[in-house]
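Peer 1: Test case, fold it:
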Amino acid sequence: MSTWARSGKNPVDLSGREQREEPDEVLLERGPFDNIDHRTAELLARRAKMNAARRGRLVNRLLVVADCVGLIAGFLVARLLYRGQPFLQGAYGGAAEFELFVATLPCWLLCARLYGLYSRDADRADHSTADDVPSVVNMVTLGAWLLYAITHLTGIAEPDLGKLTTFWGVTIGAMLLARALARLVTRNNVTFIQNAVVLGAGQVGQLVGHKLLQHPEYGINLVGFVDDRPRARGDRLERFCWLGGRRDLADIVRRYDVERVIVAFSDVSHDETLEVVRDLAEFGIQVDIVPRLFEVVGPGAAVHSVEGLPLLSLPPPRLSHSARLLKRALDVLGSIAALVLLAPLFAIVAISIKLDSPGPVFFKQVRVGEGGRLFHIWKFRTMAVGADERKADVAHLNLHGVPGGDPRMFKVAGDPRITRVGRPLRRFAIDELPQLVNVLRAEMSLVGPRPLIPDEHQFVTAWAAKRLALRPGMTGSWQVLGRSGIPFEEMVRLDYVYVNTWSLWNDLRLLLRTVTVVFRPGVGAY
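Peer 2: Residues are numbered from 1 along each chain as shown. All right, here's what the predicted structure looks like:
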């Protein structure tokens with residue numbers, strides 16, 4: 001427990017950069033709970049001025065504005081493309097058409113609320129615009145075609161079908177773009193960040209802390225840990241303190257304006273934990289609970305009940321023949337379209353590589369594919385010729401070569417063997433694009449488990465070998481959730497869950513999230 005006491009170090013922000021000592025005006029009377037970091041102090045000072053307005057309400061207001069902008073943009077674009085042809089041909093067409101549409105906005109927003117488009121950001125830490133796609137498409141489709149059906153059947157007016165279809169398509173795109181921009185505004189703004197504590201400072205609780213550090217885009221600021229008997233702090237958690245025990249939680253929530261409590265496993269008994277969760281209800285804050293057997297619980301899990309007893313239901317780990325055909329169809333169509341659209345980029349990259357350093361444009365390497373079969377993966381060359389022979393020269397820079405590191409992984413940040421052109425290619429994952437050929441040849445998939453080299457694959461045994469029930473992917477859970485920052489065991493678990501809970505929508509969701517991840521500052525591959 002003493003390892004969680006006041007460390008005396010300067011506080012550090014979520015990016016790991018050391019901060020100056022906190023100025024007097026934001027220092028707080030902390031009592032027994034010392035060592036909170038500069039970002040938490042800033043959040044508390046800001047919250048005092050805004051009457052502790054909650055992140056969920058603030059994000060929802062931005063999303064309402066974003067939806068209004070998207071709807072109006074769709075209306076105006078359709079009107080511009082179909083000049084002189086009103087939406088409503090008849091008594092309600094003409095000059096008053098825009099005013100009539102604006103008057104219907106509350107109905108659109110009510111429909112969006114019924115689809116849950118304003119309730120998920122506060123509840124789900126990793127909710128993104130990609131998750132909104134089905135609801136936005138359904139909501140706009142329902143609204144547009146209800147308008148068409150009602151006006152047509154009642155004879156009030158005769159909507160132009162072409163113009164209405166244009167409105168439908170543009171509105172969907174405009175709403176999703178506006179929502180993405182709204183969330184981008186909230187990403188690093190302290191006004192929209194939630195203070196959170198983790199109940200449980202054991203192995204699982206500290207795993208939660210690591211994941212929150214890896215994903216600042218979740219908008220969650222980890223203040224510290226609450227546990228009666230905390231374990232020693234792991235790497236990267238040095239700046240976080242033990243705030244107190246279970247009985248101190250109410251005081252901690254009030255003192256640090258906590259909006260989210262994450263209940264992980266701890267030495268606290270079941271009855272005591274249950275009492276804590278019930279007591280938190282009076283504070284009106286979000287409570288997240290790490291489930292037992294979380295290693296096998298994926299996004300396909302559902303909650304149902306038997307006589308009031310909640311059951312967490314896991315779908316059977318099987319992929320039907322039709323599902324495999326559907327996944328393959330997505331791979332073929334997607335890879336062909338991408339190869340055609342990206343052909344100019346391929347040419348530019350190839351010329352840049354040849355001008356930058358001697359050697360071939362492409363690099364191929366043996367990887368382990370579906371069912372353990374070997375294949376050659378294709379990439380743009382990002383290292384100098386002979387890089388493999390120089391591996392021993394940079395072994396001392398291996399991030400996992402230190403005591404306590406993972407010998408199964410070889411990751412070098414700022415590898416000197418990488419060429420000047422190779423660095424931006426890796427940073428934005430452009431070097432991976434030739435794998436579209438592997439996808440077309442049915443050696444890989446657009447989305448799937450991470451393709452391992454044989455030296456890494458030898459450590460994948462027993463249940464983890466199920467990860468190769470599907471073809472390895474150009475992107476997947478590993479790439480979206482952290483890339484090189486995710487340890488080997490976590491990567492294997494993510495792939496196992498992906499294979500056992502596969503769905504077409506999850507593939508589409510991971511593809512959409514990949515686009516945002518490669519452009520996110522501070523996220524890259526080594």
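Peer 1: what are the ranges of the strands in the protein?
Peer 2: 88-89, 158-159, 194-199, 220-226, 241-244, 260-263, 286-289, 302-306, 309-313, 362-368, 374-380, 445-447, 473-475 (DSSP state E).
Peer 1: could I get the fifth one in CSV with only the CA atoms?
Peer 2: As requested, the backbone C-alpha atoms of strand 241-244 are provided in CSV (Å, rounded to 0.1, in the frame of the first residue of the first chain):
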residue,chain,number,x,y,z
CYS,A,241,-2.5,7.6,-6.5
TRP,A,242,-4.5,5.4,-4.2
LEU,A,243,-7.3,7.8,-3.2
GLY,A,244,-8.7,5.7,-0.3
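Peer 1: So in that sheet, which strands flank it, and in what orientation?
Peer 2: Taking DSSP bridges as the criterion, strand 241-244 forms sheet pairs with strand 220-226 (parallel).
Peer 1: returning to that earlier point: among the strands of the chain, which is nearest S135?
Peer 2: S135 sits nearest to strand 302-306 of all the strands of the chain, at 17.4 Å, using CB to CB. The C-beta positions use only the backbone N, C-alpha and C, and glycine is treated the same way.
Peer 1: okay, that closest one in CSV with CA atoms only?
Peer 2: Only the C-alpha atoms of strand 302-306 are listed here, as CSV (Å, rounded to 0.1, in the frame of the first residue of the first chain):
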residue,chain,number,x,y,z
ALA,A,302,-26.5,-9.5,-25.0
VAL,A,303,-28.3,-9.2,-21.7
HIS,A,304,-31.6,-11.0,-21.2
SER,A,305,-33.3,-12.3,-18.0
VAL,A,306,-34.9,-15.4,-16.5
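Peer 1: who's in contact with that strand?
Peer 2: P310, L311, L312, S313 (CB atoms under 8 Å, 6 or more residues apart in numbering).
Peer 1: Please identify, among those, the one with the most neighbours.
Peer 2: L312 (12 neighbours; other CB atoms under 10 Å).
Peer 1: How about that one: which residues does it bridge to?
Peer 2: Beta-bridge pairing of L312 under DSSP bridges involves V303.
Peer 1: so who does it touch?
Peer 2: Counting by CB under 8 Å, 6+ apart, L312 makes contact with P291, V297, A301, A302, V303.
Peer 1: follow-up on the earlier one: could you export the contacts of strand 302-306 as TSV, including distance to P416?
Peer 2: Shown next, in TSV, are these (distance: CB to CB, whole Å):
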residue	distance to P416
P310	54
L311	54
L312	48
S313	51
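Peer 1: And the pLDDT for the residue lying closest to W378 once chain neighbours are set aside?
Peer 2: Once flanking residues are discounted, W378 sits nearest to P434: 4.1 Å by CB to CB, 6 or more residues apart in numbering. Listed pLDDT for P434 reads 96.
Peer 1: didn't P434 look like it was pressed against T382?
Peer 2: No - applying CB atoms under 8 Å, one finds P434 not in contact with T382, separated by 11.6 Å.
Peer 1: In contact with the residue nearest to W378, which residues?
Peer 2: P434 neighbours (CB under 8 Å, 6+ apart): F346, F362, W378, K379, F380.
Peer 1: what about the last one, neighbour count?
Peer 2: Meaning F380. Using other CB under 10 Å as the criterion, F380 is surrounded by 22 other residues.
Peer 1: Tell me if I'm right that it and I348 touch.
Peer 2: No - counting by CB under 8 Å, F380 does not reach I348; the two are 11.0 Å apart.
Peer 1: any shared contact partners between the two?
Peer 2: By CB under 8 Å, 6+ apart, no residue touches both F380 and I348.
Peer 1: Could I get the contacting residues of the most centrally placed residue in the chain?
Peer 2: Geometric centre of the chain, nearest residue: D126, 5.1 Å, by CA atoms, centre = their mean. D126 is in contact with H215, Y218, counting by CB under 8 Å, 6+ apart.
Peer 1: mind redoing it with 7 Å?
Peer 2: D126 makes contact with Y218, according to CB atoms under 7 Å, 6 or more residues apart in numbering.
Peer 1: thinking again about what came up before, mind giving me the PyMOL select for the contacts of P434, buried ones only?
Peer 2: This is the PyMOL syntax for the buried subset of these, where burial follows 16 or more other CB atoms under 10 Å:
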select buried, resi 346+378+379+380
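Peer 1: Turn the contacts of P434 into TSV, including pLDDT and distance to L177.
Peer 2: TSV is the format used below for these (pLDDT from 0 to 100; distance: CB to CB, whole Å):
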residue	pLDDT	distance to L177
F346	95	27
F362	94	35
W378	95	33
K379	95	31
F380	96	30
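Peer 1: nearest to Q203, of the contacts of P434?
Peer 2: Nearest to Q203, judged by CB to CB, of those is K379 at 35.8 Å.
Peer 1: what bridges to the closest one?
Peer 2: Bridge pairing for K379 - DSSP bridges - gives F363.
Peer 1: okay but it is in contact with F363, surely?
Peer 2: Yes - using CB atoms under 7 Å, K379 is in contact with F363, at 4.9 Å.
Peer 1: Quick one: low-confidence residue ranges for the stretch 201-350 of the chain.
Peer 2: Along the stretch 201-350 of the chain, the model assigns pLDDT under 70 to residues 233-239, 266-268, 299-300, 315, 317-318.
Peer 1: can you rerun that using 80?
Peer 2: For the stretch 201-350 of the chain, residues meeting the criterion pLDDT under 80 lie at 214-217, 230-241, 265-270, 272-273, 281-284, 293-302, 304-305, 307-308, 313-320.
Peer 1: For it, which segments are assigned as helices?
Peer 2: Using DSSP state H, counting those that start in this stretch, the helices found in the stretch 201-350 of the chain span residues 203-214, 249-255, 270-280, 321-341, 343-356.
Peer 1: so how far is A149 from V65?
Peer 2: 29 Å (CB to CB, to the nearest Å).
Peer 1: same thing with R61?
Peer 2: Spatial separation of R61 from A149 under the definition CB to CB is 32 Å.
Peer 1: what do you get for P451?
Peer 2: Counting by CB to CB, the gap from P451 to A149 is 49 Å.
Peer 1: neighbour-wise, which of the two wins?
Peer 2: P451 (26 against 11).
Peer 1: Report the contact partners of L63.
Peer 2: L117, Y118, R179, A182.
Peer 1: Nearest residue to the first one in space, ignoring adjacent ones along the chain?
Peer 2: The reference is to L117. S135 (5.5 Å).
Peer 1: Also the second one?
Peer 2: Distance criterion CB to CB, 6+ apart; nearest residue to Y118, sequence neighbours excluded, is N60 at 4.6 Å.
Peer 1: just to revisit the earlier point, between the strands of the chain, which one is nearest to V460?
Peer 2: Here strand 362-368 is closest among these (CB to CB), at 8.5 Å.
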